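Peer 1: just the structure for this:
(chains A, B and C)
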Amino acid sequence: MEEKSLSTADVNILMDVDFLVSVIVAIGEVANITGVPQRKIRYWDEKGIIEPVDKTSTYRQYDYLNIKKIVLIQELLDEGYTLDVSAKKVNERCIKVAEVFERLKASKS
DNA sequence: ATTCTTACA
DNA sequence: TGTAAGGA
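Peer 2: Predicted coordinates for the structure are as follows:
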C-alpha cells in the first residue's frame, strides 16, 4: 500500500462523514433542528414509521438516518401525501440507495 | 433540565 | 395535533 496525502476537500468530507456517523440525539434536539414537533415524532414512532436506535435506552435516540427520514417524510407530507404513503416512499428510496452501495461493496470484495 | 406516557380539548 | 399533568 502506498501512502497518499489527503487534499483539503478530502479532509472536509472525512470530517463530515465522521460527524454524521457519530450523531446520536434526543427527541428535543431532533425537533429543534428539523422543525418537526416532538408530538409528531413520537406519533410516528408509535406507528412504527420511525424506529429510534437503542431500544434499551429510557429515552428515544435518533441517528443520522432517522433524522434524514424525518426530514424527508415531513417534506412529502407538505407536498400533500398521506403519512403512510410518505413513509413508504422514503423507505423505498432509502432501501434503493442502500442497495446501490451494497452492490458497490460487493464489487469491492 | 429533558423526556416519557396518558389524556383531553 | 397542541398542551398539560405527574412521574422518571
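
Peer 1: so how far is the helix or strand encompassing residue A:73 off the chain centroid?
Peer 2: In the assignment (DSSP states H and E), residue A:73 maps to helix A:64-78. In terms of C-alpha atoms, centre = their mean, to the nearest Å, the centre of helix A:64-78 is found 8 Å from the chain centre.

Peer 1: which is the next helix or strand following that helix?
Peer 2: Using DSSP H and E, the next helix or strand after helix A:64-78 towards the C-terminus is helix A:83-108.

Peer 1: how about the residues of chain A by DNA strand B?
Peer 2: A:26, A:27, A:28, A:29, A:38, A:42, A:58, A:59, A:60 (C-beta under 7 Å from any atom of the strand). To be clear about C-beta, it is placed using only N, CA and C from the backbone, and glycine gets the same treatment.

Peer 1: filter the residues you listed to the buried ones?
Peer 2: Among the residues of chain A next to DNA strand B, those scoring as buried are A:27, A:60 (criterion: 16 or more other C-beta atoms under 10 Å).

Peer 1: what about chain A, any weak spots by pLDDT?
Peer 2: Confidence mapping of chain A against pLDDT under 70 gives the ranges A:1-3.
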